[in-house]
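**Q** Fold the following for me, if possible:
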Amino acid sequence: MIKSRELESIIAGMPYFLPENLLSLGFKRHHLNMVLSRLKKRGDVVLLKRGMYVSVEYLNKVKRSGEYNKYLEMISGVLYSPSYLSLEYVLNEYNILSEASFSFSLVSNKKTFEMRNDLGLFRYRSIKESLFTGFKVIRKGDFLIYKATPAKALFDFLYFRKNIITGDDFLESFRINKEAMKASDLKEFKRYILISNNKRMKEIGKFYAH
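**A** Numbering: from 1, shown residues only. This next block holds a predicted model:
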């Protein structure tokens with residue numbers, strides 16, 4: 001039977017783990033639960049969500065290497081999948097939106113969901129299947145990150161607010177920096193409006209056409 005110290009060494013190299021992943025290593029279920037409970041009480045593992053953990057040693061390692069934010073971007077897509085980073089988070093990254101974002105904002109084709117753990121606040125907005133597009137899989141070091149293009153992040157941001165937008169003054173209040181977007185971004189943005197086939201989005205799109 002694998003000892004607790006061996007388990008700690010194994011999970012120290014894993015970006016996240018589920019107890020089910022470790023059963024194949026020779027642990028009995030009740031012994032595994034007992035060891036994880038002890039590690040949790042000691043503060044050696046962090047509960048990401050029910051049934052999913054990461055070791056503090058692993059987190060410290062990515063912090064020391066300067067990869068922590070990349071790790072958070074990756075794990076945000078794992079916690080509630082399928083999903084991709086978008087909305088305020090991506091708009092801030094590209095200086096399209098000046099308003100600071102203090103959470104990870106994502107879009108999913110599953111129901112709207114919010115999760116908070118020791119790593120931060122993760123918000124997921126639900127979008128219909130035909131609009132679950134416009135994101136790229138980006139490799140950053142060891143991590144694969146699902147992230148919207150600037151154009152899709154802007155579309156998503158406005159799409160979820162379309163029913164409260166009453167006119168150009170309202171759109172101006174968002175203080176969206178159109179200058180930070182390239183002509184190709186605006187062209188792509190208009191493509192998502194066509195896909196949505198939504199009257200309100202077509203009206204909103206006119207504001208960004210000039």
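**Q** switch to C-alpha atoms for all contacts and neighbour counts from now on
**A** Noted.
**Q** what's the helix or strand of the chain with the lowest mean pLDDT packed up against?
**A** Using mean pLDDT, DSSP states H and E, the weakest-scoring helix or strand in the chain turns out to be helix 168-173, at a mean of 73. If contacts are counted by 3 or more CA pairs under 8 Å, 6 or more residues apart in numbering; DSSP states H and E, helix 168-173 sits against no helix or strand.
**Q** what about that helix, distance to the chain center?
**A** The chain centroid and the centroid of helix 168-173 are separated by 27 Å, computed with CA atoms, centre = their mean, to the nearest Å.
**Q** So which bits of the next helix or strand after that helix are buried?
**A** Downstream of helix 168-173, the first helix or strand assigned by DSSP states H and E is helix 183-196. Under the neighbour-count criterion of 16 or more other CA atoms under 10 Å, helix 183-196 has Asp185, Leu186, Glu188, Phe189, Lys190, Tyr192, Ile193, Ser196 buried.
**Q** Could you measure from the last one over to Phe132?
**A** What that stands for is Ser196. Using CA to CA, to the nearest Å, one gets 11 Å for the distance from Ser196 to Phe132.
**Q** Is it correct that Gly26 falls within a helix?
**A** No. In this structure, Gly26 is coil, not part of a helix, as judged by DSSP: H, G, I helix; E, B strand; the rest coil.
**Q** and it, how many neighbours does it have?
**A** Counted with other CA atoms under 10 Å, the neighbours of Gly26 add up to 11.
**Q** Ramachandran angles for it?
**A** With angles defined as degrees, to the nearest 10, Gly26 sits at phi 110, psi 0.
**Q** pLDDT wise, what is it at?
**A** Listed pLDDT for Gly26 reads 76.
**Q** Give me the domain ranges for the protein.
**A** Using automatic domain parsing, the domain parsing of the chain gives 4-62, 76-207.
**Q** quick one: buried residues of stretch 196-203?
**A** Ser196, Arg200, Met201.
**Q** before we move on, back to that, could I get the buried residues of helix 183-196 as JSON lines with pLDDT and distance to Lys61?
**A** Shown next, in JSON lines, are the buried residues of helix 183-196 (pLDDT from 0 to 100; distance: CA to CA, whole Å):
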{"residue": "Asp185", "pLDDT": "93", "distance to Lys61": "37"}
{"residue": "Leu186", "pLDDT": "91", "distance to Lys61": "40"}
{"residue": "Glu188", "pLDDT": "96", "distance to Lys61": "39"}
{"residue": "Phe189", "pLDDT": "95", "distance to Lys61": "39"}
{"residue": "Lys190", "pLDDT": "94", "distance to Lys61": "42"}
{"residue": "Tyr192", "pLDDT": "97", "distance to Lys61": "40"}
{"residue": "Ile193", "pLDDT": "96", "distance to Lys61": "43"}
{"residue": "Ser196", "pLDDT": "96", "distance to Lys61": "43"}
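**Q** In terms of helices and strands, where is the closest residue to Glu99 other than its chain neighbours?
**A** In this structure, Glu99 finds its nearest non-sequential neighbour in Asn92, 7.2 Å apart by CA to CA, 6 or more residues apart in numbering. In this assignment (DSSP H and E), Asn92 forms part of helix 87-93.
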